[in-house]
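K.L.:
Predicted model and sequence below, questions to follow.
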There are 2 protein chains.
Amino acid sequence: MSYTRTCEIPGITVAGANPDMLKFTPPADAEFIRYGRCRCIDAIPMTPDGKPTPALFTRVALNAADIPFVAIDAGGVIEPQMPFIQTGLKPGGDISREPAMSKPSLLRAIEYGKATGQMLAPLTDCLVIGESLPGGTTTAQAVMRGLGIDARSSSSMPKNPVSLKEKVAAAALDRLHSSDPQDIISQLADPMIPFVAGMLSSASRTARVMLAGGTQMAAVLAVARSLNLGIRSTAIGTTRYITDDRTANLLDMADVPVLAVDPGVSGSHIGGLRAFSEGFAKEGAGAGGSMISAVLKAGITTSRLRTLAEAEYARIST
Amino acid sequence: MSYTRTCEIPGITVAGANPDMLKFTPPADAEFIRYGRCRCIDAIPMTPDGKPTPALFTRVALNAADIPFVAIDAGGVIEPQMPFIQTGLKPGGDISREPAMSKPSLLRAIEYGKATGQMLAPLTDCLVIGESLPGGTTTAQAVMRGLGIDARSSSSMPKNPVSLKEKVAAAALDRLHSSDPQDIISQLADPMIPFVAGMLSSASRTARVMLAGGTQMAAVLAVARSLNLGIRSTAIGTTRYITDDRTANLLDMADVPVLAVDPGVSGSHIGGLRAFSEGFAKEGAGAGGSMISAVLKAGITTSRLRTLAEAEYARIST
């Protein structure tokens, strides 16, 4: 769970019904995964026209395969109403007009990430790390540009606001007068990116790590490399809606294996789920990585996961 | 990590060098276990005459046997400067003059305890739960009295302030005009007790649970029983300095197996460690349960643990 004020730029994200609600999206996702309902908001996690949070897939996959779930606050605004790991990190700034974070905040994010990875890795053979962070593909794209990577990010919206993202990245890059990775990350990232980079560096020493997401996890990798954090056994796990996205280039950006799962909802009778195959959200809250983990851990088929997702959709809609 | 304002009654506890420091004791213990030094206070966790926190034994045992460690805030005042599980519970009141907590706070403590147990139990085959809570034996004794158990608690001080504890318990019991366990616990306990009772009830369904402590863990058991929370595979793990304590009666109070370990410091050349065998602290921060776990998990001998504790003492003293 994290936050960047960059998401408040009109048109950047689909997450959250309105700007005031954006900061509730990450804790609402965590509560939904844990309890099957939100607590910090009195609503079902769905757009008015019936498109649910991708956390629906996450919840279904984790439950089907009995995969433990731990929520981490790494720069969120609102705390979830459930036990969670607290790091005390502050939300990130709107990178179109201010630094994402100070240098000390960056170092703290990395250090707390390392400590969290060290804490969690011994408890599992594979640590799957997802994110819920509105506006996160914009900061991911900007920080990769800053690091000299040709990054075209996916979007949570069917029509990827490519030129808006480019404008934000350009405004942020204009402020940058340094090639030091720490300066680049402080100016252009969000708190999740260096935090997960830190987690990755310590956790991948003792466990396998799957970064569950698309562009944002490519940015985590790029940041970890730029800081020489040291990465071992690591893969990215996501949905095919990300790897198929022609407006983005995840497979070019990632220098680790990418696993992609087909959630299979293109043939669903439920329009709100079918929307994921039509470009809505595509991924988020670790959905793709969780489905891959359910397949690998418990041999659950993707068509079974689709059936379970449809049942879960029916449950929350009634 | 928890807190009860009961610890501010003069003469109740040895934890913390002075009253203002008491609230730093739990996070300082957690930081010491994690990092080998405190961060929230600029001091080594030792009394002025060289007696260290029992967390020294905890740290040594966990490290020697590679046992993962997760810190939980359940009603603390000061947050530790490290990642930890946040529950949002409030500190407990001074039971000599006010309720320990409101009824909604009690229900929240139990519920968050259950959720935390559910989160952690799948990650291990044996969940060892310790506490760091100044004044905790006084509230433990009071709540057991309230529940009709003849409880004589151990103390962190060589001369157990028995009559002072009795006075506090009597004052608290005077306020009580109900035999409903929820009323009794709200009036007389501390936030740790119902929280750990909740953890125990959910975690013991999927993992073994070792309650690491003396009197305070007997109170957890008594509270869990009184609320019919349902307890399965559970034991208490502590030091022989608790089970040998003639001013207390842990073996009478506990209705589960009690494992006791001899830290062996009665023969230590270091006075600050020998003090534990002479009645100082005796237990705390899960020390006994951690040593037992190191023996059971990795076959480490208690004499090896003593040698490691002496080396750790030397490290922090220089």
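P.N.:
That came through fine. Numbering: from 1, shown residues only, chains lettered A, B, ... in the order given.
K.L.:
switch to C-alpha atoms for all contacts and neighbour counts from now on
P.N.:
OK.
K.L.:
Could you export the lengthiest helix in chain A as PDB, keeping only the C-alpha atoms?
P.N.:
Longest helix of chain A, by residue count under DSSP state H: helix A:103-120. What follows is helix A:103-120, C-alpha atoms only, in PDB (Å, rounded to 0.1, in the frame of the first residue of the first chain):
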ATOM      1  CA  LYS A 103      17.100  11.900   0.000                       C
ATOM      2  CA  PRO A 104      16.700  10.800   3.700                       C
ATOM      3  CA  SER A 105      13.200   9.500   2.900                       C
ATOM      4  CA  LEU A 106      14.700   7.500   0.000                       C
ATOM      5  CA  LEU A 107      17.400   6.000   2.100                       C
ATOM      6  CA  ARG A 108      14.800   5.200   4.800                       C
ATOM      7  CA  ALA A 109      12.500   3.500   2.200                       C
ATOM      8  CA  ILE A 110      15.400   1.300   1.000                       C
ATOM      9  CA  GLU A 111      16.500   0.400   4.500                       C
ATOM     10  CA  TYR A 112      13.000  -0.400   5.700                       C
ATOM     11  CA  GLY A 113      12.500  -2.400   2.600                       C
ATOM     12  CA  LYS A 114      15.600  -4.400   3.300                       C
ATOM     13  CA  ALA A 115      14.500  -5.000   6.900                       C
ATOM     14  CA  THR A 116      11.000  -6.100   5.800                       C
ATOM     15  CA  GLY A 117      12.400  -8.500   3.200                       C
ATOM     16  CA  GLN A 118      14.700  -9.900   5.800                       C
ATOM     17  CA  MET A 119      11.700 -10.400   8.200                       C
ATOM     18  CA  LEU A 120       9.400 -12.000   5.600                       C
END
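K.L.:
Does it reach chain B?
P.N.:
Yes. Helix A:103-120 is in contact with chain B by CA under 8 Å from any CA of the partner chain, via A:112, A:115-116, A:119.
K.L.:
now swap in stretch A:288-298 and tell me
P.N.:
No. Shown here: stretch A:288-298 not in contact with chain B (CA under 8 Å from any CA), separated by at least 14.3 Å.
K.L.:
So what touches that stretch?
P.N.:
Stretch A:288-298 has contacts (CA atoms under 8 Å, 6 or more residues apart in numbering or on different chains) with A:57-58, A:61-62, A:64-65, A:67, A:128, A:130, A:210-213, A:236-239, A:259-261, A:263, A:300-302, A:305.
K.L.:
switch to 7 Å and redo it
P.N.:
The contact list for stretch A:288-298 (CA atoms under 7 Å, 6 or more residues apart in numbering or on different chains) reads A:58, A:61-62, A:64-65, A:128, A:212-213, A:237-239, A:261, A:300-301.
K.L.:
Out of those, list just those in helices.
P.N.:
Counting by DSSP H, the contacts of stretch A:288-298 contribute A:58, A:61-62, A:64 to helices.
K.L.:
what's the spacing between the helix or strand that contains A:Pro26 and its chain's center?
P.N.:
Assigning secondary structure by DSSP states H and E places A:Pro26 in helix A:25-35. Put simply, helix A:25-35 sits 13 Å off its chain's centre (CA atoms, centre = their mean, to the nearest Å).
K.L.:
Could I get the phi/psi values of the closest residue to chain B within the stretch 1-150 of chain A?
P.N.:
Closest approach between the stretch 1-150 of chain A and chain B, counting by CA to the nearest CA: A:Ile85, at 4.1 Å. A:Ile85 adopts backbone torsions of phi -80, psi 120, taken as degrees, to the nearest 10.
K.L.:
burial of it, as a residue count?
P.N.:
Other residues lying near A:Ile85 total 21 when counted by other CA atoms under 10 Å in any protein chain shown.
K.L.:
How about the contacts made by it?
P.N.:
With the criterion set at CA under 7 Å, 6+ apart, A:Ile85 makes contact with A:71-73, B:83-86.
K.L.:
what about 10 Å?
P.N.:
Shown in contact with A:Ile85 (CA atoms under 10 Å, 6 or more residues apart in numbering or on different chains): A:70-74, A:116, B:70-73, B:82-87.
K.L.:
Alright, I will stop here.
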